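Predicted structure and sequence below. I'll ask about it afterward.
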6 protein chains.
Amino acid sequence: MFFHRQELQFKAVPDEPDAVFARKLQEVLGGQYGEITVAMQYLFQGWNIHIPGKYRDLLFGIGAEEFGHVEMLATMIAQLLEKAPVGITDEAVQSDPAVAAVIGGTDLQHAIVAGAGARPVDSMGNPWQGSYITASGNLLADFTSNANAEMQGRVQVARLYHMTDDKGVRDLLSFLLARDTMHQNQWLAAAAELREQGVEELPTPSNFPLSNEHREVSYQYLNFSDGQHASEGSWASGPTPDGHGEFSYHEGPTTTAPMPPPTHPDARFYGTTELPNPMEKAAGTAQDKMKKE
Amino acid sequence: MFFHRQELQFKAVPDEPDAVFARKLQEVLGGQYGEITVAMQYLFQGWNIHIPGKYRDLLFGIGAEEFGHVEMLATMIAQLLEKAPVGITDEAVQSDPAVAAVIGGTDLQHAIVAGAGARPVDSMGNPWQGSYITASGNLLADFTSNANAEMQGRVQVARLYHMTDDKGVRDLLSFLLARDTMHQNQWLAAAAELREQGVEELPTPSNFPLSNEHREVSYQYLNFSDGQHASEGSWASGPTPDGHGEFSYHEGPTTTAPMPPPTHPDARFYGTTELPNPMEKAAGTAQDKMKKE
Amino acid sequence: MFFHRQELQFKAVPDEPDAVFARKLQEVLGGQYGEITVAMQYLFQGWNIHIPGKYRDLLFGIGAEEFGHVEMLATMIAQLLEKAPVGITDEAVQSDPAVAAVIGGTDLQHAIVAGAGARPVDSMGNPWQGSYITASGNLLADFTSNANAEMQGRVQVARLYHMTDDKGVRDLLSFLLARDTMHQNQWLAAAAELREQGVEELPTPSNFPLSNEHREVSYQYLNFSDGQHASEGSWASGPTPDGHGEFSYHEGPTTTAPMPPPTHPDARFYGTTELPNPMEKAAGTAQDKMKKE
Amino acid sequence: MFFHRQELQFKAVPDEPDAVFARKLQEVLGGQYGEITVAMQYLFQGWNIHIPGKYRDLLFGIGAEEFGHVEMLATMIAQLLEKAPVGITDEAVQSDPAVAAVIGGTDLQHAIVAGAGARPVDSMGNPWQGSYITASGNLLADFTSNANAEMQGRVQVARLYHMTDDKGVRDLLSFLLARDTMHQNQWLAAAAELREQGVEELPTPSNFPLSNEHREVSYQYLNFSDGQHASEGSWASGPTPDGHGEFSYHEGPTTTAPMPPPTHPDARFYGTTELPNPMEKAAGTAQDKMKKE
Amino acid sequence: MFFHRQELQFKAVPDEPDAVFARKLQEVLGGQYGEITVAMQYLFQGWNIHIPGKYRDLLFGIGAEEFGHVEMLATMIAQLLEKAPVGITDEAVQSDPAVAAVIGGTDLQHAIVAGAGARPVDSMGNPWQGSYITASGNLLADFTSNANAEMQGRVQVARLYHMTDDKGVRDLLSFLLARDTMHQNQWLAAAAELREQGVEELPTPSNFPLSNEHREVSYQYLNFSDGQHASEGSWASGPTPDGHGEFSYHEGPTTTAPMPPPTHPDARFYGTTELPNPMEKAAGTAQDKMKKE
Amino acid sequence: MFFHRQELQFKAVPDEPDAVFARKLQEVLGGQYGEITVAMQYLFQGWNIHIPGKYRDLLFGIGAEEFGHVEMLATMIAQLLEKAPVGITDEAVQSDPAVAAVIGGTDLQHAIVAGAGARPVDSMGNPWQGSYITASGNLLADFTSNANAEMQGRVQVARLYHMTDDKGVRDLLSFLLARDTMHQNQWLAAAAELREQGVEELPTPSNFPLSNEHREVSYQYLNFSDGQHASEGSWASGPTPDGHGEFSYHEGPTTTAPMPPPTHPDARFYGTTELPNPMEKAAGTAQDKMKKE
C-alpha cells in the first residue's frame, strides 16, 4: 500500500515563471529516463522479485521515494507555467516577437490540454509508456539497468542545470543530482553485493550452463568495421571480467554459414514465387484446393 | 557505409517448422532488448561519439555485427513459418483442436501481413520503436546501458532455449548466448577502462562539479517503505563506489518542504478556481478583456 | 454507409494565414479529445450497440456530424498554412527573427510531410490512435465517457479561442463551442434517460449482483493522504448517488492483508533466487533436466 | 511524498496458477482503464489543481489508494504465473495439446521478458501510456472523466469475474468491484457538489461567455443519419440539463457553407497544381527564385 | 459533410460465430492497410489537395465509400463475436481443451474491453494510428501510395479468405476483393492520367530542377551486397522509366568521402571527450563559467 | 552479414551549425519515409523473399546502401548541432530574442537526451517504429510500396532543400535527391519487369482466382460524394489497367443490404440491452448461473 503526505521532500518553487523550461523539465518527469520510469521500474522489480529481505526492501524503499520526485517535478512545472505567457496573451504581448519566440518553444498541450499543468510526457510531447521500464526477475541484469537509468537521469539533470539561471529551479535540480549520485552508487553497490555473495555471477544469467553455449566464440572480439583501434581496448585481449576466459581479437567473423535458400510457404499466402506462372507448379495442390473450395 | 555479404555468421536452419516459436523468437529480434535495439543503439552511439579511436571503432565494429544477428533471426523465423500451419490449413487440419491451439499462439500478422515472413515487432506484436535505444554521448552511462542490454538479451535467449527442443534452433541460440557472453564482458571491460584511464568517473557525469549538488543527501539511503532489511545492504553503510563518501541509513526523508499553494493561472484556461463565481474576483482583469474581445 | 457532400456545416475561412495557430488547432482535430476521437467513438459505439432504436440512431446521427467537424478543421488548417511562412521562405524573410520565432512554433511536418496540409495528429505531433476511444457496450458508462469527451473538447476550444484574434477562426470556434454545448447536454440527457427508464442503473454495470462485491467497503471513503479536508465533502457522509448506501469516512485502509511471500517460478526463467548457489537446491530438478538436455 | 507499507489492502492470493487469466488481469492493471490510469490521473489532477482543500485532498487521498490496487494486481499476477506452464515445460507436458492451448493464450512476455512477473501492459500486450489520462484543470470535466474511468473499470472487472472460477481471484475482484462502486459514487457526488456550490456549471467550462458561441445551434439535435428514432429521445425536445435552453430536432444541418477553394501554397512544397506544366505559371516567382538559388 | 444511411453496401452476416476469425478480421479493419487507413488517407488527401475537379472528387467519392467498408467489417466482427465463447463460458465448456484453444487465439479486449464488439485495432491488438496514412499534396506520389495500399489490402483479404470456411464471411470478402480490384485499377489509371496530361512527371516531384541534383549518380545501380544477379535486372541497364537517362551497374559506391572527425559540442552537455581530465582543457571556458555560476 | 567501412558515400559536412535545421533533417532520417524506413523495408523484404536471384540481390544491394544514408544524415545532424546554441547558452546569449527563437524550434531531446547528437526520431520527435515498413512477400505490391517510399522521400528532401541556404547541407541533399531519382526509377522498372515476365499481374495478388470475387463490382466507380467531375477521369470509363475489364461510373452504391439487427452477446458482458430490467428476460439463464456461482 502507498500513503501520501502533503509535503515535499525538497523545496520546489521557481523564482520566475518560464514555460519553455517547464517543457524541458518534462523530460526528467515523463521521459525515457524520467522519474516515472524509475519509480515504476523499481516497484515492478519489487513486485516480481523472488527473494525476501534486503533486496526487496531496497526496491520498495527507493521506488516510493521516486514517486515523490515525480510529485516535486510536477509541482515545479505547474508553477513555472502559472504566470507564464503560454499562448493566451494580451494583444499587446502577442505582437511582441520575444513572446512569440517563447511560445514557439513551449509544450502546446501544457496550455491547450492541461490548462497550465504538468503532463505525463517527455520534452517533445511523447507520452510516457510502459515499454520504458525493465523488470526481468534477474537482479544482476536489473540492477545494471537501474544503474544505467540513474546515470542517464543524472546526465540529463546536469544538462538541464545549464539551461536555466533560475535559483529556485537550480536548487531543486541540485537536490535531484545528489539523489541520483546516491542511487548510482547504491545500485552499483547492490550489484557488486550480488556477485560477492554468490547470488548472481557473470555472464548473466549465470546459472545457465556455459557448456550450452558455443564457447569458442564467447570471448572473441569480431570486428565488422574497418576501424583498426578496437584491438587496443581491454576487450580485445587479457582476462575477461567474468573470470572464465581470455579476450581475443579477430577481423570479421570467425564462423560463417551459407544463407538458407528462400522459403516457399503455402501458395495461398500469395507471395511471389519464381515461376512465370506461379500457380502451375509449386502451388499445384493448393490451386486445386482453391478450385474445389 | 555498410556492405552486405550473402552469408550468415552462423547456421540458422530449424529442424522443424514451428509458428508458435517463430513468434516467441520475435522478442529477441524486434523487442525492447532485441537485436534491432542493440544494432541501432551501438551505431547511434558511434555516430554521436565525441572521440576518435578505439571506443568509436568498438561501437561500429559491434554495431555492424548485430545487424547480422537481426538477419540470422529473420532468416530463422521465415523458415520456422515456412511449412507451419499458420492459419491457412486444409479442412481436415482445421478441425483438429491441436492445430487450433497452435494457431492461437501464433503472431497473426506473420500470416496475414507478412505471408509467413519475419516482422520488426516483439513477441506480442508491438512494433520496434526508436525509444528503445540509448545514446547520450556520455560513454560511461551508455556502456552501462549496453551492458544491461546484453544482460537482458542473454536472459531472454536463455529462457527461449528452454521453450524449444528443436536442435537447429537451439544451435543458433547457443551461438547467440556465446556472443552475448562476449558482449557483456566487453562492455563491462570498456566501462572499467573508461574509469581506469580517467576518461570518466562516478557519479556520471563526473565533470559536473559535485559542489553544485546538495551533498548532504548524496550518500543517504532514505527508506520510504517499512521493510527493515534494506539497512543490511552494502548501500546503507560503508564507503561508496564513487570513492567520495560513506553511505548512511535513514528512515524516511531527511529533508522536507511544504507543498506550495495551488497555482492560479490565467482565468482564460478555464481551470476551476475556489471562488463561487470564479469570474468575479480572481479573473477580474481577464474577464474584462473577454468582454472587450 | 456514408455519403459525402461537398459543402461544410459552417464557414471555415481564416482572415489571415497563421501556421502556429494551425498547429494548435491540430489538438482539436487529432488529439485525445479531438473530432476524430468523438467521430470514431460514437460510430464504434453504434456498431457495437445491442439495442435498436433511439440510442443507436443517436450514435449514428451524431457520429456522422463529427466527421464533418473533422473536415471543417482540416479545411481551416490547410488555409491557415496556405500563405504562411512554414519553413520555406525567401532569404530576406529567413533572417528576420520574428519569422524564425514563428517557424519555431509550427508543426514541422505540416511543411515537410504534408506540404502545407492538415494531418491526423495533435498539437505536439503525436499521431491519433485507436486507444483514445471508448466503446464498451455498456451505454451508461459510454455516455458518461461521451459527456466527458465533449466537456474536455469544449474546454480546449475555449482555450484556443483566446489564442487567436482572427475573426474567421473565432467564428468557426464559436460554432464548435455551440455544438459542444449541445452535445454535452445531449449525452447527459441520454444518460439520465437510461436511468429514468430503468435500462441502466448505478453502480455500472448495474446488473452485476451487488452481493458479489465486498459490500462493507462499497461506501467507505478511505483516506490515503494526510489532507484533512476530504471528510468535508459530500462523498464522505450522507446518502450515495446510487441510492443504495451511506458514505462513511476513514483514515487509511479498513482492511489489510499480509503481502504474500515472493514467488518462486521455474528455475529456467533465470530469475534471481535467495540461494548462494541458486542451482543447487531450489532448481535441483530443473538443473538435472538441463544437464540431460 | 509517498510512503510504502509492505502490506496489502486486501488478500491477493489465487487458489491455483493460471497464466491465461494472468494475462487477462493485465487489462485492469495496465490497460486504458486499469489501475495505473486512475492512480496517475487522480495524482496529476491533484498536482495541477488550482484550489486547496477538500477537492485536492480527495484527489491525493484516492490517488494513493489506487497505486495500492496496482500493487495487489501485480502481486496476484506474479502468483498466477508462479507455477503455471508459461512456455517452459517438460517434454511430456509440451506434447499435450491442452498445454499448447494454454500457452497460446498467455502473454508471451510474461515468460520471455519478465520471467513470470507482472508487466505495465494491457491484456493484448500494449504498454501503458501517458495519453490514457485526463487532467485538464477543469474539475467538472475531470470528475466526469473520473466517473467514466470508474464505470469502465467496474464493467471490465465484472467481466473478468466471469472468466475465472478461482475463489482467491474472485475474492480480490469482489473487493475491487466494491471500491469501484465507492469511487463511481464519490466522483458523481463530487461533480454534483461542484454544481451545487456554484463552483462549476454546465456547459463546461461555464465561465466562457455563452454569448461568444453561436447560440442558434446550441440546443439543436442535427440528424446526420437516416434513423428516425433519435427524435424520440429526451435530447430532442424539452429543457436542456444546463437549464439555459430547449432541445429541438432537425433533419441534417441547419447551417451550411460552401467548401473553400483548394489551397495554393508555395510552389516549393511540390504539391500538385492544376496546370499542365505546373512550373510555368503559378510557380513563376518561386521557379525564378529556385534558379537564382 | 458526411451523411450516414442505416444500410450496408453489402451483406455482412456470418453463418457461424467465430471469435478467432473476428480477431483476424481486425487486421483489414484497423491495421496498417485496413479500411480505416484508406478512408482517412483519401479524405486527408482530399482536404489537402490544391486543384479542384476530378481528382478531388475522386478522393472524396472513394474516401466516403471506405468508411462504409469500415462499417461492414465492424458489423461483421460484432456478429462473429455475438454467440462465440470469448472467455465467458460455462464450467462445462471451460474445461474443454478445444474451447481453451479457441480462447487463446481471440482478441482478449474484444471480451474484456468491448464486451463482444469491434475495436479500432489490428489483429495483434495494436491501436490504429495516424502515422499509417500518407497525404503529401503531391498527387503522383500519393496515388502511388494509394495503389500500394489497395494492393497490400487485397493481398491480406485474399489470405483471410483461406482462413475461414464460413460462407457468409467469404461472401463479404469476395465483395471487398472486387472493390480492391477496382481501386487498384483506379489509382493506377489516375496516376497514369497525371503523367499523360503532364500534370506530374517522373521523378517525383518533377518540378524540382534536375540540375539541382547530383546527376552523375541519378541512374547508377550501386551494389552494396555481394549478390551477382542484380546486374541482370532492367534496373541495371537500358533506358530509365523517367525517360531522362540510362541505367548503369556498379559494384559498391562510385563516390566516397572521409567520415568527418567526431563532434565536440559544449562541455556542459557532459558527453565523453578524449582527455584524461575532460574539464582541464577542452572545457576550459565552460568550466570557468560553471564555477562562476 | 553486414560490414561497416568508416567512410561515407558522400560528403556530409555543413558550412554552419543550425540546430533548427538539424531537427528538420530528422524527418528524412527517422520519419515515416526516412532512411531507416527504406533500409529496414528493403532488408525485411529480402529476408522474406521466396525466390533467389536478381530480385533478392536487388533488395540486399539497395538495403545496405540505405543504412549508409542513415549514417550520412546522422553524421550531418551531429555536426549541425555541434556548435549551435541548443539550450545551453551563456547569459548574454540567452537574453537574445533571436536565440530564444532558434531554441524554440529545436528538438529539445537533441540537447537533453542526446547531448547534441542525432536520434532515431522524426522532425516532431516521434520515435521511428516498425509499423512504418511494408514487407508482404508479394513483390508487385511491395515494389509499388518501395516506389511510393522513394517518391515521398524525394518530395520531402526537395522541400528541405528550400529550407536551408547552407551549401554543405544542400550538397548532401542534392546527392540524396539523385539517389532517390535512381531508386524511383529502379522500383518502377522492377515492378514493370515482374509483369513483363509474367511473375506477377494485376490485380495483386494475381493468382487469386478472379471468379472468387464479386466480379460485377470489380470495375465500377461508385461515387459517394456529390462532386460531379469524377466521371471525367480515366477511372470512370475505358479499359482497366489490368486488361480484364471496362470501367463504369455510378452515383452511389450499386448494391445495398439491410444493416443486421444489433447483437445480443452473453449477459455477463454487461452491455446494455433494451429491456427495462435487462436481467429478467434476455439474461435469464446467465443470471441463474450467476446466482449459482
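Cool, the structure landed.

quick one: the strands in the stretch 1-150 of chain A?
With DSSP state E, counting those that start in this stretch as the criterion, the stretch 1-150 of chain A has strands at A:2-4, A:7-8.

that's a strand at A:Glu200, yeah?
No - secondary structure of A:Glu200 (DSSP: H, G, I helix; E, B strand; the rest coil): coil, not part of a strand.

Quick check: phi and psi on it?
phi -130, psi 160 (degrees, to the nearest 10).

That one: what's its closest spatial neighbour, skipping adjacent residues?
In space, and not counting its chain neighbours, A:Glu200 is closest to A:Leu140: 3.8 Å by CB to CB, 6 or more residues apart in numbering or on different chains. Quick note: C-beta positions are derived from backbone N, CA and C, even for glycine.

what does A:Pro262 give?
Nearest one to A:Pro262, counting by CB to CB, 6+ apart, is F:His50 at 5.0 Å.

Would you quantify the distance from the one you found to chain C?
Counting by CB to the nearest CB, to the nearest Å, the gap from F:His50 to chain C is 32 Å.

contacting residues around that residue?
Residues in contact with F:His50 (CB atoms under 8 Å, 6 or more residues apart in numbering or on different chains) are A:262-265, A:271-274, F:137.

what secondary structure does the closest residue to A:His214 other than its chain neighbours sit in?
Nearest non-adjacent residue to A:His214, counting by CB to CB, 6+ apart: B:Ala178, 4.3 Å away. In three-state terms, and counting by three-state DSSP, B:Ala178 is helix.

which regions of the stretch 1-150 of chain A sit below the pLDDT cut-off?
Residues of the stretch 1-150 of chain A meeting the criterion pLDDT under 70: A:89-95.

Counting neighbours, what do you get for the residue in it positioned nearest to chain B?
Closest residue of the stretch 1-150 of chain A to chain B, CB to the nearest CB: A:Asp57 (3.0 Å). Residues near A:Asp57, counting by other CB atoms under 10 Å in any protein chain shown, number 24.

Residues of the stretch 151-293 of chain A that sit close to chain E?
Residues of the stretch 151-293 of chain A lying close to chain E by CB under 8 Å from any CB of the partner chain are A:155, A:158-159, A:162, A:165, A:268-270, A:290, A:293.

Could you turn the buried ones of those residues into a PyMOL selection?
Buried residues within these, by 16 or more other CB atoms under 10 Å in any protein chain shown, are selected in PyMOL with:
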select buried, chain A and resi 155+158+159+162+268+269+270+290
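
Next, give me the two most distant ones among the residues of the stretch 151-293 of chain A next to chain E.
Farthest pair in those (CB to CB) is A:Asp165 and A:Glu293. Separation: 74.2 Å.

thinking again about what came up before, quick one: which of the residues of the stretch 151-293 of chain A next to chain E sit in strands?
Using DSSP state E, the subset of these located in strands is empty.

got the residues of the stretch 151-293 of chain A next to chain E as TSV, with pLDDT columns?
Formatted as TSV, those follow (pLDDT from 0 to 100):
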residue	pLDDT
A:Val155	98
A:Ala158	97
A:Arg159	97
A:His162	94
A:Asp165	92
A:Arg268	93
A:Phe269	93
A:Tyr270	94
A:Met290	47
A:Glu293	43
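
And the residues of the stretch 151-293 of chain A next to chain E, which is closest to B:Gly63?
Distances from B:Gly63 to these, taken as CB to CB, are shortest for A:Val155 (21.3 Å).

The closest one touches B:Ala135, doesn't it?
No - A:Val155 lies out of contact with B:Ala135 (CB atoms under 8 Å); the separation is 11.6 Å.

quick one, helices of chain A?
Using DSSP state H, the helices of chain A run over A:19-30, A:35-48, A:54-82, A:91-94, A:97-104, A:108-112, A:139-161, A:167-196, A:284-292.

check contacts around A:Ala192.
Shown in contact with A:Ala192 (CB under 8 Å, 6+ apart): B:234, B:241.

Show the pLDDT at it.
On the pLDDT scale, A:Ala192 is placed at 97.

Tell me how far it lies from B:Pro239.
Distance, A:Ala192 to B:Pro239, by CB to CB, to the nearest Å: 12 Å.

one step back: hmm, the residue nearest to A:Glu200 is touching A:Ala190, no?
No - in this structure, A:Leu140 is not within contact of A:Ala190 by CB under 8 Å, at 9.4 Å.

where do the contact lists of the two overlap?
By CB under 8 Å, 6+ apart, A:Leu140 and A:Ala190 have no common neighbours.

domains of chain A?
Domains of chain A are assigned by the TED database as A:19-88+A:103-197, A:210-250, A:261-292.

wait, isn't A:Ala114 in contact with D:Thr134?
No - the criterion here is CB under 8 Å, and A:Ala114 misses it with D:Thr134 at 9.6 Å.
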